[in-house]
Each structure stands twice: as C-alpha cells, then as structure tokens.
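Visitor: Following is a predicted model, sequence given first.
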Amino acid sequence: MPPKPNLSFPISTLTYTNLLQSYAHSLLLTKQIHAHLLKSPTLPNPSLFLLNTLLNSYSKSSDASSAHHLFNTMPHRNSVSYNSLISAYLHSGLHYRAISTFIDAMYGHVKLDKFTYAAALSACARAGDLDTGKVVHGLIVAGGFGRGVFLVNSLIGMYTKCGDVEMGRRVFEGSEELDDVSWNSLVSGYERVGLGEEAVRVFVRMVRGGVDLNSCVVGCVLKACSGLNSLLGIGKAIHGFVVKVGLNMDVMVGSTMIDMYSKNGLLHEAVKFFRFMQDRNVVVFNTMISAFKQVKEGTLNELTREALGIYLDMQREGIRPTKFTFSSILKACNLNEAFEFGKQIHGQVL
C-alpha cells in the first residue's frame, strides 16, 4: 500500500481523485479523504467526477451504508453513480437493494450502460431472482446491447445460476460472439444442476472447437463426473487429457480429480494421483483425507493407515491443518486400530 497521504493542507480535484484511486480499498483512508473534502474551502461544490470516484472507493471498501449516504447527498447523478452504488450493495451482499437501485435508475431515465446491466444481472443471479433477470434481459435486447460477449456472458451466468440452464444455453447458442468465459459458464451451469452428461458434451465441443481450456472448466467437468459410474470412463479420459496439456499439476484440477476418483469408489487411484502431485496445498490434503471417510470399520485397514500417513505428511510439509482436516482425519480414525492415533489428534485439536 502507498504511504499514508498528508491531508493537512488544501488540495485540488486531481489530487483528491488520485488519492481516492490509490487508497480505494482502504475504508479508513477513504473516510479521512471524504472528511477533508467536506471541509475544503477550495472545493465547496465538488464535481460529479470527483464524487463518483469517492462513491467508487466506498463501493470497493464494501461500505454500502456510506455509499448510500453519499449517493443521496449528490446534487447530480449519472450511470457511473448508479453503477457504483449497485456494486457497493453487491459487495455487501445486499442483492435486493442492488436490484432496487437498478430499477430506480431505469425509472429515473438514467442512460444505462453495459456495466449497469451486468451489475443488475449479477444481483439477480446472487438473489436467485429469475423473473427480474428476464426483465433485465429484455431491456438489454431492447437497448441494443444483446450481441456483445460481455453481456452475453452475464446473461448465461444469470440464467444458469438461477437454475434455468436451458435458457442459458439458448443465449449461448444464439450468440455470434463467444469466449472461454461463455463456455465455462455453460459447463458449470449444467454441473450445478446435476446434468453431468450435458456438461461433458459441452466440454467435448470445447476441445473439438479448439477453445482455450483453464483449470476452472476442467474442474467443473471432473466434478460433473464425480459419483456417476456412467461418466467414470469420461473422467479417466479427461485425466489423460489434462496430463497431456499440463493441467494435472494445477491445485484446483488436482483436488477435483482426487474427489472424482474417490466418489467413484477408486480410492487407490485417488491416492496414486495425490502422490503424483508436486504442488499440494491444504485444499488438496483436505480433499485426499476426506476421501477416507468412506472407509468402514473392519475394512480397508491399509487405506486407513494411508490416511494417517497423509496427515503426517501434511505436518512434515509444514501445512497447517484446518477444522475440516481434523474432522476428516478423526472420522477416518474411527477404526479400532486407529483409535489411539485418533486420541492423539483430538489432543492437537484441543
């Protein structure tokens, strides 16, 4: 973070703007700059640009209350003002307040831009408000914004997160311009509602179409294959593919691969993959240890010992266990022969 600014003397609009942009994520300094601005004899009537910059700083600091108060005191507002207030509500988890602000902007005849619509769609997605999301979609089409990939991706995301994956697919199929985010949104949408086979079909289209793949979409399609024996062969094929393209060392892909094998009853394969990984963090260790919770008393004792060994490896590598780690390993220690070790771990928790 830059050094704390000196606010002991009058400063210009440009300086205020630079300060607010530099300290946008510091709520304390944003409030200090705001207080100094209110007392400034040289700027009794700050410009809309400066007030919008201040409003944006409150938004980035997730202070919806201060953003709301400032917004209400502004003599003039434009789309940037509304965008910043909507974002402030989103950052604070006040999704319906964000939707309400969008509606106010619409009825206030504010010239809405693609960022206003994207923020409104994000609020609808987080609130699960499909009906309002459809209204926003209609406004986007009527305003001539429906073809750009930026809002296409926002629409796909809104529909899939609200559970209407088929409408999300219609938007996807009807768009002239798509990017990797568009494909990722559709794959994750099908995975989210449990339509694993559809997620795999879209993924196959991505591969055949030469779309750039990332750890997010590979993780989603592997998750879609988890617990579905009918998709296990696909999951194994994807395993070979990610090794070929070099994604097998990615932490997200690795943890999802371990989860897929374990949920399909192939714990030995999960352990083999885990041992193959070089970059292992607490998420990877937790995923692997959690896989051993399925071991039942009196069975697979060697795998239970493997779980205890992995926990010890975690300590040797200096990775700090979480509450989830302790919960998982204690459940794996329910076997009689691991009971004493479980008591030792219990002592560490305490």
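Guide: That came in fine, so what should we check first? Numbering: from 1, shown residues only.
Visitor: Residue 220 versus residue 188, what's the distance?
Guide: Per Cβ to Cβ, to the nearest Å, residue 188 is found 5 Å from residue 220. Yep, even glycine has a C-beta here, placed from its N, CA and C like the rest.
Visitor: Next, show the common contact partners of those two.
Guide: Common contact partners of residue 188 and residue 220 (Cβ atoms under 8 Å, 6 or more residues apart in numbering): residue 199.
Visitor: per-residue pLDDT, residue 235?
Guide: In this model, residue 235 is scored at 87, pLDDT.
Visitor: Just to check, residue 151 is in contact with residue 145?
Guide: Yes: if you go by Cβ atoms under 8 Å, residue 151 and residue 145 touch, sitting 5.4 Å apart.
Visitor: what residues are up against residue 219?
Guide: Residue 219 sits next to 252-253, 256 when contact means Cβ under 8 Å, 6+ apart.
Visitor: Now residue 49: closest residue in space, sequence neighbours ignored.
Guide: Leaving aside its chain neighbours, residue 49 sits nearest to residue 17 (7.3 Å; criterion: Cβ to Cβ, 6 or more residues apart in numbering).
Visitor: pretty sure the one you found contacts residue 50?
Guide: Yes: applying Cβ under 8 Å, one finds residue 17 in contact with residue 50, separated by 6.0 Å.
Visitor: gap between residue 181 and residue 274?
Guide: Residue 181 sits 30 Å away from residue 274, going by Cβ to Cβ.
Visitor: again, but for residue 318
Guide: 18 Å.
Visitor: before we move on, what about residue 316?
Guide: To residue 274, residue 316 is 15 Å away according to Cβ to Cβ.
Visitor: Mind checking which of these two has more residues around it?
Guide: More neighbours surround residue 274 than the other of residue 316 and residue 274, with 24 against 8 (other Cβ atoms under 10 Å).
Visitor: for stretch 82-102, which positions count as buried?
Guide: Residues 82-92, 94-95, 97-99, 101-102 are the ones in stretch 82-102 that count as buried (16 or more other Cβ atoms under 10 Å).
Visitor: whoops, I mixed them up, stretch 15-25
Guide: Within stretch 15-25, the residues that count as buried by 16+ other Cβ under 10 Å are 16-17, 19-20, 22-24.
Visitor: residue ranges of the strands in this protein, please?
Guide: In the chain, no segments count as strands under DSSP state E.
Visitor: Lowest-scoring secondary structure element of it by mean pLDDT?
Guide: Within the chain, no helix or strand scores below helix 339-349, which has a mean of 51 by mean pLDDT, DSSP states H and E.
Visitor: Burial check on residue 314, number of neighbours?
Guide: Residues within reach of residue 314, counting by other Cβ under 10 Å, total 21.
Visitor: that older thread, what separates the residue nearest to residue 49 from residue 32, distance-wise?
Guide: From residue 17 to residue 32 the distance is 15 Å (Cβ to Cβ).
Visitor: Spatially central residue for the protein, please.
Guide: residue 216 (10.2 Å; Cα atoms, centre = their mean).
Visitor: That one reaches residue 253, doesn't it?
Guide: No: using Cβ under 8 Å, residue 216 is not in contact with residue 253; the gap is 9.2 Å.
Visitor: Can you give me the domain boundaries for the protein?
Guide: 1-76, 78-178, 281-350 (automatic domain parsing).
Visitor: could you dump these to TSV with distance to residue 195?
Guide: Output for the domains of the chain, formatted as TSV (distance: least, Cβ to Cβ, whole Å):
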stretch	distance to residue 195
domain 1-76	34
domain 78-178	7
domain 281-350	23
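Visitor: I'd like to know which of these is closest to residue 193.
Guide: Closest approach to residue 193 among the domains of the chain is made by domain 78-178 (5.5 Å; Cβ to Cβ).
Visitor: wait, which of the domains of the chain is closest to residue 198?
Guide: That would be domain 78-178 among these, by Cβ to Cβ, at 7.8 Å.
Visitor: and the end-to-end length of that closest one?
Guide: This stretch, domain 78-178, spans 30 Å end to end (Cα to Cα, to the nearest Å).
Visitor: hmm, who's touching stretch 240-248?
Guide: Contacts of stretch 240-248 (Cβ under 8 Å, 6+ apart): 207, 213, 215, 218, 239, 253-254, 257, 276-277.
Visitor: So which of the residues you listed are in helices?
Guide: 207, 215, 218, 239, 253-254, 257, 276 (DSSP state H).
Visitor: Closest one of these to residue 78?
Guide: Nearest member of the ones in helices among the contacts of stretch 240-248 to residue 78, counting by Cβ to Cβ, is residue 215, at 38.7 Å.
Visitor: Residue 111 touches residue 78, doesn't it?
Guide: Yes: using Cβ under 8 Å, residue 111 makes contact with residue 78 at a distance of 7.4 Å.
Visitor: The two: which has the busier surroundings?
Guide: A direct count of neighbours by other Cβ under 10 Å for residue 111 and residue 78 places residue 78 higher, at 15 against 10.
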